[in-house]
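Novice: I need the structure of the sequence given here:
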Amino acid sequence: MLGTRLAITSHHPQTTRDRIAGILTEGRTQFVFLDTPGLHKPKNRLGQRMNDLATGTAADADVVLFVVDIGPAAAAAAAAEVRPDDVEAVRAVPEGTPVILVVNKIDRIAEKQKLLEVLPTYSALRDFAAIVPISAKKRDGTKRLLKEIENLLPEGEHLYPEDELSDRPVRFFVGELVREQVLMRTRQEVPHGVAVTVDAFEEGKKLTRITISVHVAKESHKGIIIGQGGKMLAAVGTAARERAERLLGQKVHLDVRVKTTPGWFDDAARLVDLGYSNEDGKPKKKAPKAPSRTKQRGLPGDTRTNRSAE
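Specialist: Next up, the predicted model:
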């Protein structure tokens with residue numbers, strides 16, 4: 001929707017840990033898309049915080065987008081099986097909040113008529129304000145989706161300056177880029193025990209110096225991330241630095257260190273220290289001249305409310 005990638009991705013569940021706003025201003029309308037952690041069965045304080053953040057955001061949003069993927073097999077069988085997790089997600093949205101059913105990946109379905117035959121299964125979950133089939137990959141149907149969202153938004157002042165792309169500062173995304181590289185290169189329990197903090201961020205005219213700490217829950221994980229002869233950490237730092245340079249538009253000196261912080265994900269004080277403070281899920285209006293704000297020019301992929309859509 002924004003034309004660029006904001007949130008990091010990986011093959012691991014619960015990759016997204018924070019609420020991230022993606023801001024799109026088109027004419028008189030400003031859309032604030034709120035990406036949140038996914039609902040899951042929490043095993044620690046971090047997991048509970050992520051669930052609270054997701055449900056709190058859904059409760060405060062003016063519009064909720066319920067995105068599903070009806071694969072070719074389900075379409076061919078003319079029946080779609082709704083996952084229990086999807087049922088729970090829909091029920092978590094307050095009754096008075098309009099919900100749009102977004103059916104993604106329609107490019108994978110050859111016979112579009114089959115799509116119409118499986119939609120009633122999802123329609124039974126809730127009285128949706130609209131049903132919009134799209135292909136996010138090919139951007140098919142996204143214009144119509146924007147129009148449906150716009151029809152449901154209340155009138156009001158813009159929450160952010162027109163050139164802002166996110167409510168998060170640049171340093172947040174740099175930290176996420178490092179965590180993404182760790183997630184891409186590790187398996188099993190290691191990713192869930194990793195947190196990243198930006199310890200220093202010094203912007204210069206031609207060079208930005210950044211110091212980052214990768215916190216791991218176990219001493220054994222420290223060796224895994226550093227790797228033999230430091231090769232793993234070097235690969236993480238190089239890949240993250242290259243993307244950070246595209247993000248900032250200048251050279252970056254990135255210093256990445258690994259620290260053992262036992263049990264950080266279940267310690268309330270440490271969660272705050274690592275940046276996982278309690279949030280209410282509401283988008284905050286920012287000062288127009290705040291330093292290091294993520295602007296349109298800033299993020300890789302080249303891009304550019306009246307309120308919020310989760």
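Novice: C-alpha only now, for contacts and for neighbours.
Specialist: OK.
Novice: What segments of the stretch 1-150 of the chain are helices?
Specialist: All helices of the stretch 1-150 of the chain, identified by DSSP state H, counting those that start in this stretch, fall at 45-60, 72-76, 84-91, 112-123, 142-152.
Novice: Of these, which is nearest residue 261?
Specialist: Closest to residue 261 of the helices of the stretch 1-150 of the chain, according to C-alpha to C-alpha: helix 45-60, at 14.3 Å.
Novice: buried residues in that closest one?
Specialist: With burial defined by 16 or more other C-alpha atoms under 10 Å, the residues of helix 45-60 counted as buried are 46-60.
Novice: Surely residue 241 and residue 254 touch.
Specialist: Yes: with contact defined as C-alpha atoms under 8 Å, residue 241 reaches residue 254; the gap is 6.1 Å.
Novice: returning to what we had before: hmm, which two among the buried residues of helix 45-60 are most spread apart?
Specialist: By the measure C-alpha to C-alpha, 46 and 60 form the most distant pair in the buried residues of helix 45-60, at 21.1 Å.
Novice: in the chain, what spans have low per-residue confidence?
Specialist: Within the chain, the segments meeting pLDDT under 70 span 71-80, 278-310.
Novice: Specify the residue ranges that define each domain of it.
Specialist: Here the domain parsing of the chain from automatic domain parsing is 1-62+153-310, 63-141.
Novice: any idea how far the longest one is from the chain center?
Specialist: Put simply, domain 1-62+153-310 sits 8 Å off its chain's centre (C-alpha atoms, centre = their mean, to the nearest Å).
Novice: JSON lines please, covering the domains of the chain and showing distance to residue 147.
Specialist: Shown next, in JSON lines, are the domains of the chain (distance: least, C-alpha to C-alpha, whole Å):
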{"stretch": "domain 1-62+153-310", "distance to residue 147": "10"}
{"stretch": "domain 63-141", "distance to residue 147": "10"}
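Novice: residues in contact with the residue most central in space within the chain?
Specialist: The centroid of the chain falls nearest to residue 7 when counting by C-alpha atoms, centre = their mean (3.9 Å). Residues counted as contacts of residue 7 (C-alpha atoms under 8 Å, 6 or more residues apart in numbering) are 16, 20, 35.
Novice: which helix of the protein spans the most residues?
Specialist: helix 231-248 (DSSP state H).
Novice: So what are the sheet partners of the helix or strand following it and their directions?
Specialist: Using DSSP states H and E, the helix or strand that directly follows helix 231-248 along the chain is strand 251-260. Here strand 251-260 is paired, per DSSP bridges, with strand 207-216 (parallel).
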